[in-house]
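Q: Fold the following for me, if possible:
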Amino acid sequence: MNVLIIGSGGREHAIAWSLKKSKHVTHIYAIPGNPGIAQIGECIDGRVEDLESILKTVEQKNIDLTVIGPEVPLCLGLADLLEEHGYKVFGPRKQSAMLEGSKAFSKNFMIRHHIPTAQYKEVTREKEAFEALKEFTYPVVVKADGLAAGKGVVIAENESQAKKAITEMLSGRILDGAGKKLVIEEFLTGFECSLLCFVDGQTIVPMVSVKDHKQIYDNNKGPNTGGMGSVSPNPFLEKETENCLNEDILKPFLKGLKEDHLDYRGVIFIGLMVENHKAKVLEFNVRFGDPETQAILMRLESDLYEIMDAVASNRLKDVDIKWSNDVVTCVVLSSQGYPLSYPKGLEITGLDSLSQDIVVFHAGTAVKDNTLVTNGGRVLNICAKGRSLEETRDKVYQAISQIHFDGIYCRKDIGLN
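A: All right, here's what the predicted structure looks like:
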């Protein structure tokens, strides 16, 4: 089978790495891919937003399954386009992708289908937003309605910060139109938890638990990022809470898909806040998380292609998905200055000296003059599997000590906070 992966980050490299192990997969293509994916497949120049060009590639390369990594092509309707031309896709259709593409759509879905979430107000004008603030205590969360590449959420500690965020988002200057509508939301306390599930509209199957670390600095300080590391299983998730998730969240979510006639085949990523063994939904993402995917897929013992093919064909109920009992730690190496401005084109060394226990996923790299260089804010994902969190953390941080590029940075407390 020929598989096409859409995307260029560590998540897509992890998907390619896992699919490469399948007995069914003969060739892996990626648009645009990255140097890590190029070691196990063929990368094709292109943009994830160029749907017509992707369709042509699917036709020319006789692609049997297209796996869509990022949210943007999903929200643009890539799954719809490919399926309308008779091609199999792993990823939800455009209407279903609104669960991530619009915060207001998502919150409305949760309220209507009795999925626990924070209280909120939907606003479109500054005066209306300022008035809505009076209904909340501080801190309060201000969210842009549309896709904002991780920059559309502000946790305001006081009225001044909240009004500043509202004014900036509604002005349209910073979020390319994603802030034309805002959601003002109750701030939830507890600890964050990521729940990823395979879903085909009829069946939902949770993956193993995982913990993401969003903030840039140790002890969960500083601005949010795309994710600075992950561990699986989530060391903070108690069994009592895990048992509640199916009844409180997964069952009503699946029921909601059916009642709203949403054609959803792919992964649903549910961001949760957990407190006193109860969970509330922070957000839905309509694709694999990054860097959660890297940790999760290293624990997958079943054939990923068989799972994805079953999801795309509405046969998920027929697949028995098996996971290892191992612990995985994944640490992100980032460029100096991330998540704000950062340099590119810095030489990366030391990868050749790593032990075979270490798996490296490329997140923001490029090849220039036959040299591997940095090409993004999150550059590499360094991962290890073992019997305990302590063992895998030791392996990963030992490996990181051997890797070098100017301004290299990582959190030192992944899995601990």
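Q: residue boundaries of the helices in the stretch 151-300 of the chain?
A: 159-171, 239-245, 251-259, 292-297 (DSSP state H, counting those that start in this stretch).
Q: Format the ones you listed as a markdown table; extra columns: distance to residue 197, mean pLDDT and mean neighbour count.
A: Where C-beta positions appear, they are placed from N, C-alpha and C, glycine not excepted. Shown next, in a markdown table, are the helices of the stretch 151-300 of the chain (distance: least, C-beta to C-beta, whole Å; pLDDT from 0 to 100; neighbours: other C-beta atoms under 10 Å):
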| stretch | distance to residue 197 | mean pLDDT | mean neighbour count |
| --- | --- | --- | --- |
| helix 159-171 | 30 | 92 | 17 |
| helix 239-245 | 10 | 82 | 15 |
| helix 251-259 | 8 | 97 | 17 |
| helix 292-297 | 11 | 98 | 29 |
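Q: and of these, who's closest to residue 24?
A: The closest of the helices of the stretch 151-300 of the chain to residue 24 is helix 292-297. By C-beta to C-beta, the value is 16.4 Å.
Q: how about the helices of the stretch 151-300 of the chain in TSV, adding distance to residue 52?
A: Below are the helices of the stretch 151-300 of the chain laid out as TSV (distance: least, C-beta to C-beta, whole Å):
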stretch	distance to residue 52
helix 159-171	32
helix 239-245	40
helix 251-259	29
helix 292-297	27
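Q: Among these, which comes closest to residue 111?
A: helix 251-259 (10.4 Å).
Q: Low-confidence stretches in the stretch 151-300 of the chain?
A: Within the stretch 151-300 of the chain, the segments meeting pLDDT under 70 span 151, 173-179.
Q: Likewise for the stretch 1-150 of the chain?
A: For the stretch 1-150 of the chain, the stretches with pLDDT under 70 are 148-150.
Q: how about the strands in it?
A: Ranges of strands within the stretch 1-150 of the chain are 2-7, 27-32, 42-43, 65-68, 89-90, 120-123, 140-144, based on DSSP state E, counting those that start in this stretch.
Q: can you list these in TSV and add mean neighbour count?
A: Formatted as TSV, the strands of the stretch 1-150 of the chain follow (neighbours: other C-beta atoms under 10 Å):
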stretch	mean neighbour count
strand 2-7	25
strand 27-32	21
strand 42-43	16
strand 65-68	26
strand 89-90	28
strand 120-123	20
strand 140-144	24
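Q: rewinding a little: among the helices of the stretch 151-300 of the chain, which comes closest to residue 79?
A: With C-beta to C-beta as the yardstick, what comes closest out of those is helix 251-259 (14.9 Å).
Q: Which parts of the stretch 301-417 of the chain are helices?
A: Going by DSSP H, counting those that start in this stretch, the stretch 301-417 of the chain shows helices at 304-312, 389-400.
Q: quick one: the first one to strand 2-7, angle?
A: Going back to what we said before, that points to helix 304-312. 80 degrees (axes from the mean of the first three to the mean of the last three C-alpha atoms, to 10 degrees).
Q: Residues in contact with helix 304-312: which ones?
A: 1, 3, 15, 18-19, 21-22, 24-25, 65, 67, 88-90, 198-200, 265-266, 297, 315-316, 318-319, 321 (C-beta atoms under 8 Å, 6 or more residues apart in numbering).
Q: Any quick ChimeraX command for the buried ones out of the residues you listed?
A: Applying 16 or more other C-beta atoms under 10 Å to the contacts of helix 304-312 leaves a buried subset, and the ChimeraX line that selects it is:
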select :1,3,15,18,19,22,25,65,67,88,89,90,198,199,200,265,266,297,316,319,321
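Q: Disregarding residues adjacent in the polypeptide, which is nearest to residue 98?
A: Excluding the flanking residues, the one nearest residue 98 by C-beta to C-beta, 6 or more residues apart in numbering is residue 105, at 4.4 Å.
Q: In CSV, list the strands of the stretch 1-150 of the chain along with distance to residue 224.
A: Below are the strands of the stretch 1-150 of the chain laid out as CSV (distance: least, C-beta to C-beta, whole Å):
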stretch, distance to residue 224
strand 2-7, 21
strand 27-32, 26
strand 42-43, 30
strand 65-68, 24
strand 89-90, 28
strand 120-123, 19
strand 140-144, 12
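Q: Out of those strands, which gets nearest to residue 101?
A: Among the strands of the stretch 1-150 of the chain, if distance is taken as C-beta to C-beta, the winner is strand 140-144, at 11.4 Å.
Q: What helices and strands are in contact with the closest one?
A: strand 153-156, helix 159-171, strand 182-186 (3 or more C-beta pairs under 8 Å, 6 or more residues apart in numbering; DSSP states H and E).
Q: Now tabulate these in CSV and tack on distance to residue 289.
A: Putting the helices and strands packed on strand 140-144 into CSV (distance: least, C-beta to C-beta, whole Å) gives the following:
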stretch, distance to residue 289
strand 153-156, 15
helix 159-171, 24
strand 182-186, 20
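Q: now for these, which one comes closest to residue 230?
A: strand 153-156 (19.0 Å).
Q: I'd like to know which elements the closest one is packed against.
A: Using 3+ C-beta pairs under 8 Å, 6+ apart, strand 153-156 sits against strand 140-144, helix 159-171.
Q: and of those, who's closest to residue 254?
A: Using C-beta to C-beta, these put strand 140-144 closest to residue 254, at 24.8 Å.
Q: middle-most residue in the protein, spatially?
A: Closest to where the C-alpha atoms of the chain average out (C-alpha atoms, centre = their mean) is residue 289, at 1.9 Å.
Q: List the residues that contact the residue nearest to it when sequence neighbours are not counted.
A: Excluding the flanking residues, the one nearest residue 289 by C-beta to C-beta, 6+ apart is residue 269, at 4.7 Å. Residue 269 is in contact with 194-196, 284-289, 292, counting by C-beta under 8 Å, 6+ apart.
Q: and the nearest residue to residue 236 once chain neighbours are set aside, what is it in contact with?
A: Excluding the flanking residues, the one nearest residue 236 by C-beta to C-beta, 6+ apart is residue 191, at 5.3 Å. The contact partners of residue 191, by C-beta under 8 Å, 6+ apart, come to 236, 273-275.
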